[in-house]
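S.K.: Here's a sequence, model it:
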Amino acid sequence: MISPDSPAAPHSPSPVASPGDGASAALPSVRPGTSGDAAPAEVPALFVSHGSPMFALEPGATGPALRAWADGLRARFPALRGIVVMSPHWMARGVQVMAGPRPATWHDFGGFPEPLYALRYPAAGSPGLAAEVLTELHKAGIPAQGDAQRPFDHGAWVPLMHLFPQADLPVVQVALPAGAGPREVYAVGAALRGLRAQNVLVVGSGSMTHNLSEFFGGTRGAQPYVTEFARWIEGALQRRDTEALLDYRSRAPHAVRAHPGDDHFLPLFFALGAAGEGAAAHYLSREVMHGSLAMDSFALEPVSEAA
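M.R.: All right, here's what the predicted structure looks like:
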């Protein structure tokens, strides 16, 4: 059985500003050696469904799709220099940022086959990139602090094993603030938007649907509510209807059944905030695993690039 998310750190809660609170998104900056006359190309933002921990060993169609997309990304952005990822398996009081140089691979689950526990994702951390993330968050008025001891949880390392199996890009995790809603998480992503113009990939890792009682119930055929919910979300993304997405819990069909708790859906808003208004979703997968886990994954980038 999947263990509960890690306990929040013992420091005092830090508020997270939402778009309505006046939080400002970080503006893209020009990297040294580039012309200031034109905005640099921006790395897409990405949302991935990480599914069950067994996704590491059972990639289905989604794993190869992620790998193919990442290979193409590196061809388009040969100077790609790091990854910033939010996973629901790190929840903390306020915003925290992984700041250690060599994060361990944490097998934060139980009851799965032994080969899963032998896997390691040996990517480096990056105190330098973590400092950049903290700076952008502080500029946006979002209190945040570093955590030099944080390991990679499976919400980060499992999808990264498919995306970048070489583990040759440094990775920095950002905690999902406990108690935050879609607007607050969107604001965290928006604060990091400028990193995309600096050759950093921003990733929200969650799940398009996440009803564990049905997952452990053993259903194998794709449940109709799963596809109905996922396709409603896809439609809102393609319309670029951010307000509908932020209010998904009352507007989307079967939202509460798809997400009895919304922690695994909130990283979508981290990616959406990092992408910004007007980004189009380019779908990499619409697979459903174990009947109830929609593995929808998509890149978010300007319409002209996504077309």
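
S.K.: Now do the lengthiest strand in the chain: which elements does it pack against?
M.R.: Longest strand in the chain, counting residues (DSSP state E): strand 82-92. Packing partners of strand 82-92 (3 or more C-beta pairs under 8 Å, 6 or more residues apart in numbering; DSSP states H and E): helix 127-139, helix 154-163, strand 171-177, helix 182-191, strand 200-206, helix 267-275. In short, each C-beta sits where N, CA and C put it, glycine included.

S.K.: could those go into JSON lines alongside mean neighbour count and mean pLDDT?
M.R.: Formatted as JSON lines, those follow (neighbours: other C-beta atoms under 10 Å; pLDDT from 0 to 100):
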{"stretch": "helix 127-139", "mean neighbour count": "19", "mean pLDDT": "98"}
{"stretch": "helix 154-163", "mean neighbour count": "26", "mean pLDDT": "98"}
{"stretch": "strand 171-177", "mean neighbour count": "28", "mean pLDDT": "98"}
{"stretch": "helix 182-191", "mean neighbour count": "26", "mean pLDDT": "98"}
{"stretch": "strand 200-206", "mean neighbour count": "27", "mean pLDDT": "98"}
{"stretch": "helix 267-275", "mean neighbour count": "29", "mean pLDDT": "98"}
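
S.K.: Tell me which residue is most central in this protein.
M.R.: Central residue of the chain (C-alpha atoms, centre = their mean): residue 204, 0.9 Å from the mean position.

S.K.: Residue 144 contacts residue 137, correct?
M.R.: Yes: between residue 144 and residue 137 there is a contact under C-beta atoms under 8 Å: 4.2 Å.

S.K.: sec struct for residue 225, please.
M.R.: At residue 225 the chain is in helix, as set by DSSP: H, G, I helix; E, B strand; the rest coil.

S.K.: now the closest residue to it other than its chain neighbours: how far from residue 182?
M.R.: Leaving aside its chain neighbours, residue 225 sits nearest to residue 254 (4.0 Å; criterion: C-beta to C-beta, 6 or more residues apart in numbering). Computed with C-beta to C-beta, to the nearest Å, the distance linking residue 254 and residue 182 is 17 Å.

S.K.: average model confidence for the longest strand of the chain?
M.R.: Mean per-residue pLDDT for strand 82-92: 98.
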